[in-house]
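*Asks:* Quick one, what's the 3D model for this:
(one chain, ligands or ions: 1)
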Amino acid sequence: MSDGLEDVVAANTVMSEVDGQRGVLIIRGHSLDELAGATRFEDLVRTLFDGFFEALPADLAPALGAARAEVFSEVAALDPGLLDLTQVEAMRALTARLPDGDDLATALRLIAAPAVFTAAVVRAHQGQAPVAPDPALSHAADALRMISGRVPAKAQSDALDTYLVTVSDHGLNASTFAARVIASTRAGLTSAVLGGISALKGPLHGGAPGPVIEMLDEIGEPANARAWIEQALARGDRLMGFGHRVYRVRDPRADALKAAVRRLDDGSNARPGRIAFAEAVEAAALAILKEHKPNRPLDTNVEFYTALLLEALDFPPSAFTCVFAMGRVAGWIAHAREQVAGGRLIRPQSVYVGPAPLKAA
Ligand code: CMC
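*Replies:* All right, here's what the predicted structure looks like:
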């Protein structure tokens, strides 16, 4: 048995390759270096979907804009009980209202859903009514506009595009595997996406970036970093934003997102010194993790600079996992379609290690 299915190969996929030794991510034949900062999210969605849906339009933007407008009807009158849930749970509850299916219309509603529902939930927490989508805007620009009520600057929508593309797919991560298991039963894309959101929300997967901001805020200034980190590790805590199951070197997504934060910082300079402070904390963490686990390479993962980028884009930390889902939903759907197209029911075995019955069978 492989603990945590480490190194077990459970699917052939054309979607993405994660080279954990070299720190390289390839998405459908393109390296992350080529894609991040150069591709709109809707174009990457089309690339991921290519060959897995019939009659895929050359430009997905108009159909995706229409899908945002369609799913908005679910939030026109938001159930106040949703505010008792965490934001990702509320977004999941709204997504669960969408019909299940396997066609492109279902897929586009599911791509639209995290952007529309996250904005409505964030605004509801701020006591504000939801803002209806503008189907003419790009998905990233509209996602930001539906939260703030203002069309964002190009630098901001470009930064969100970079983020959504960077996290759109990543091999057989836990949420994508969950989505593929559900798809393998032929339950439908909505069910697969709901499973993906559920797996993503855990702190070891997509729940890490919110706590990264808590860590930075508690540390406060570079001089406090070493003592704070040593105390956290002495308590047995894990440092959020560090370590990875597959990467034994730096996660390439960390640098793609760090570059995006820098580009944004040049334009807005909303929090002077924030990147330099984060770099100081990162350097301290890497040095201490090396002493703490000399035999296990623990480097910066995607979540550390995710936190900085989403903070710079004014997303509240309580919504960071929802924003991760806005991007990763593309990968979940593409993998679900790939699973249905060529894969059997996923049904592994377990080894029974409980007590034997008193009476022999
Ligand atoms: N801080 C401190 N110690 C760590 C960390 C960390 N971030 N990551 C791993 N370790 C230790 C771990 O405690 C274990 O020690 P021991 O052998 O004494 O029990 C050893 O390193 C090996 O860890 P593991 O649990 O076998 O590693 P894994 O492959 O199961 O876990 C991980 C990978 C990402 C869950 C883990 O590194 C972690 O918990 N990181 C913090 C949470 C985080 O940043 N998650 C986002 C991951 S990237 C986004 C995504 O793709 O989901």
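*Asks:* Number of residues surrounding the residue of the stretch 251-361 of the chain found nearest the ligand?
*Replies:* Nearest residue of the stretch 251-361 of the chain to the ligand: Asn301, at 3.9 Å (CB to the nearest ligand atom). Bear in mind the C-beta positions are built from the backbone N, C-alpha and C, glycine included. If you count neighbours by other CB atoms under 10 Å, Asn301 ends up with 21.
*Asks:* wait, doesn't it sit right on Arg245?
*Replies:* No. If you go by CB atoms under 8 Å, Asn301 and Arg245 don't touch, sitting 9.8 Å apart.
*Asks:* Now do the contacts for the residue of the stretch 251-361 of the chain closest to the ligand.
*Replies:* Contacts here follow CB atoms under 8 Å, 6 or more residues apart in numbering; on that basis Asn301 touches Ala208, Gly241, Phe242, Gly243, His244, Tyr247, Asp251, Arg253, Ala254.
*Asks:* thought the first one was touching Met240?
*Replies:* When you say that, I think you mean Ala208. Yes. Under the criterion of CB under 8 Å, Ala208 makes contact with Met240 at 4.4 Å.
*Asks:* just the buried members of the contacts of Asn301?
*Replies:* Listed as buried from the contacts of Asn301 are Ala208, Gly241, Phe242, Gly243, His244, Tyr247, Asp251, Arg253, Ala254; burial here means 16 or more other CB atoms under 10 Å.
*Asks:* which one of those is nearest Leu48?
*Replies:* Arg253 (16.2 Å; CB to CB).
*Asks:* Now do the shared contacts for Ala208 and Met240.
*Replies:* What both Ala208 and Met240 touch, as defined by CB under 8 Å, 6+ apart, is the set Glu303.
*Asks:* Quick check: chain neighbours aside, which residue is closest to the residue in the stretch 101-250 of the chain positioned nearest to the ligand?
*Replies:* Relative to the ligand, the nearest point of the stretch 101-250 of the chain is Gly243 (2.3 Å; CB to the nearest ligand atom). Using CB to CB, 6 or more residues apart in numbering and skipping the chain neighbours, the partner closest in space to Gly243 is Leu298 (4.6 Å).
*Asks:* again with Asp134
*Replies:* Closest residue in space to Asp134, ignoring its immediate chain neighbours: Asp142 at 5.5 Å, by CB to CB, 6+ apart.
*Asks:* name the element the one you found belongs to?
*Replies:* Taking DSSP states H and E as the criterion, Asp142 maps to helix 139-148.
*Asks:* For the stretch 251-361 of the chain, give me the ranges with low pLDDT.
*Replies:* 266-270, 361 (pLDDT under 70).
*Asks:* residues in it within reach of the ligand, list them.
*Replies:* Lys293, Arg296, Leu298, Asn301, Val302, Glu303 (CB under 6 Å from any ligand atom).
*Asks:* Spatially central residue for this protein, please.
*Replies:* Phe324 (2.6 Å; CA atoms, centre = their mean).
*Asks:* which SSE is that residue in?
*Replies:* Counting by DSSP H and E, Phe324 is part of helix 320-342.
*Asks:* same deal with Leu25?
*Replies:* Counting by DSSP H and E, Leu25 is found in strand 24-27.
*Asks:* cool, and Pro114?
*Replies:* Per DSSP H and E, Pro114 falls inside helix 104-125.
*Asks:* still on that earlier bit, which strands and helices sit next to the strand holding Leu25?
*Replies:* strand 16-19, helix 32-35, helix 41-49, helix 252-268 (3 or more CB pairs under 8 Å, 6 or more residues apart in numbering; DSSP states H and E).
*Asks:* buried residues in the longest one?
*Replies:* Along helix 252-268, the positions that meet the burial threshold by neighbour count (16+ other CB under 10 Å) are Pro252, Arg253, Ala254, Asp255, Ala256, Leu257, Lys258, Ala259, Ala260, Val261, Leu264, Asp265.
*Asks:* Would you point out the most distant pair within those residues?
*Replies:* For the buried residues of helix 252-268, and using CB to CB, no pair is farther apart than Pro252 and Asp265, which are 20.4 Å apart.
*Asks:* And stretch 174-191, how far out from the chain middle?
*Replies:* Distance of stretch 174-191 from the chain centroid (CA atoms, centre = their mean, to the nearest Å) equals 16 Å.
*Asks:* No more questions from me, cheers.
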